[in-house]
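J.: give the three-dimensional model of this entry:
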Amino acid sequence: MILYLNNTKNTPDAESCSVEGPDGREHIYTVPVMKVQEYTPQMIADRQLNLLFPFLPIRFKNRFDTILDKKNNVEIKEKMEALKKDLTALILDCIMILNREEENGDLERRAVNDFLELIGKACDHLFAKEPELLREVHEIMEPTIKLVREELEEQIGRQGEQISRQEEQIGRQQAQLDQHVVNFIRQCREEKRSQTETEQLVRKIFSLERQDAKEKVAECW
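T.: This is a model prediction of the structure:
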């Protein structure tokens, strides 16, 4: 299949190619054409072609360029308003479908955010000559992107708090272990054991490295 991200009325429904076989004879193959701009957002979702969402604004590119070529300011304004209405309607449709995909468990929220940002970047590239149009596009998309970003930040915050609690717990456990080691070394001193013997016992009982055991004993001896 051949994928056309943009197409015109002259774009064929299929393309043909010829391949010469080992026997020298020519074989003609017909390859179907997929015209992305003839797909609605719902059709893309139904066919699980979500990667095509960011390319949908391309359908307005030729129309946009034609409007900019007009010299009549009144006509430009009217046509630009109509284009803005159609473009924002398409984007709102994409947002609704992507959010529904997330609610159904077919997309993660991170993926929703990525698709929306890519749609925004596509608009930035296609309609850079009309800042007012871009401003309205981003005003429509920003609340959804912001919501997804805030939820991700909250999730990261919760994970950070969990890590902090785990680190505090590990710290308390380490402090308790250190105290047990100190108490044991003091007991060895009271029992008149040598430092060397005490180091060996500390290593064996508390699973410490040789240098660590030696330093602990030296500190408490």
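
J.: for this structure, longest strand please?
T.: For the chain, the longest strand by residue count, based on DSSP state E, is strand 26-35.

J.: in its sheet, which strands sit next to that one, and in what direction?
T.: Strand 26-35 sits in its sheet next to strand 2-4 (parallel), strand 14-20 (antiparallel), going by DSSP bridges.

J.: got the buried residues for stretch 119-129?
T.: Ile119, Gly120, Ala122, Cys123, Leu126, Phe127 (16 or more other C-beta atoms under 10 Å). Quick note: C-beta positions are derived from backbone N, CA and C, even for glycine.

J.: over to stretch 202-220?
T.: Val202, Arg203, Leu208, Ala213, Lys214, Lys216, Val217, Cys220.

J.: re earlier: what residues sit buried inside the helix or strand following the longest strand of the chain?
T.: With elements assigned by DSSP states H and E, the helix or strand that comes after strand 26-35 is helix 41-46. Within helix 41-46, the residues that count as buried by 16+ other C-beta under 10 Å are Pro41, Ile44, Ala45.

J.: past helix 41-46, which element shows up next along the chain?
T.: That would be, after helix 41-46 and using DSSP H and E, helix 61-69.

J.: for that following helix, packing partners?
T.: Packing partners of helix 61-69 (3 or more C-beta pairs under 8 Å, 6 or more residues apart in numbering; DSSP states H and E): helix 73-103.

J.: the helix it packs on - contacts with which helices or strands?
T.: Looks like helix 73-103 contacts helix 41-46, helix 61-69, helix 109-126, helix 131-190 (3+ C-beta pairs under 8 Å, 6+ apart).

J.: need those in a markdown table (columns: distance to Glu26 and mean pLDDT).
T.: A markdown table is the format used below for the helices and strands packed on helix 73-103 (distance: least, C-beta to C-beta, whole Å; pLDDT from 0 to 100):
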| stretch | distance to Glu26 | mean pLDDT |
| --- | --- | --- |
| helix 41-46 | 36 | 94 |
| helix 61-69 | 36 | 88 |
| helix 109-126 | 40 | 90 |
| helix 131-190 | 49 | 79 |
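
J.: right, and the ones you listed - which one's nearest Leu90?
T.: helix 41-46 (7.0 Å; C-beta to C-beta).

J.: can you state the direction angle for the host helix or strand of Val202 and helix 131-190?
T.: Per DSSP H and E, Val202 falls inside helix 195-206. Orientation of helix 195-206 against helix 131-190 (axes from the mean of the first three to the mean of the last three C-alpha atoms, to 10 degrees) gives an angle of 130 degrees.

J.: returning to what we had before: how about the buried residues of stretch 202-220, which pair is most distant?
T.: Among these, Arg203 and Cys220 lie farthest apart (C-beta to C-beta), at 14.7 Å.

J.: the residue nearest to Ile91 when sequence neighbours are not counted: neighbour count?
T.: In space, and not counting its chain neighbours, Ile91 is closest to Ile140: 5.7 Å by C-beta to C-beta, 6 or more residues apart in numbering. Neighbours of Ile140 under the rule other C-beta atoms under 10 Å: 15.

J.: so Ile140 sits against Leu92, correct?
T.: Yes. Ile140 is within contact range of Leu92, at 6.4 Å (criterion: C-beta atoms under 8 Å).

J.: against which helices or strands is the helix or strand following the helix holding Val202 packed?
T.: Going down the chain from helix 195-206, the next helix or strand is helix 210-220, by DSSP H and E. Applying 3+ C-beta pairs under 8 Å, 6+ apart, we find helix 210-220 packed against helix 131-190, helix 195-206.
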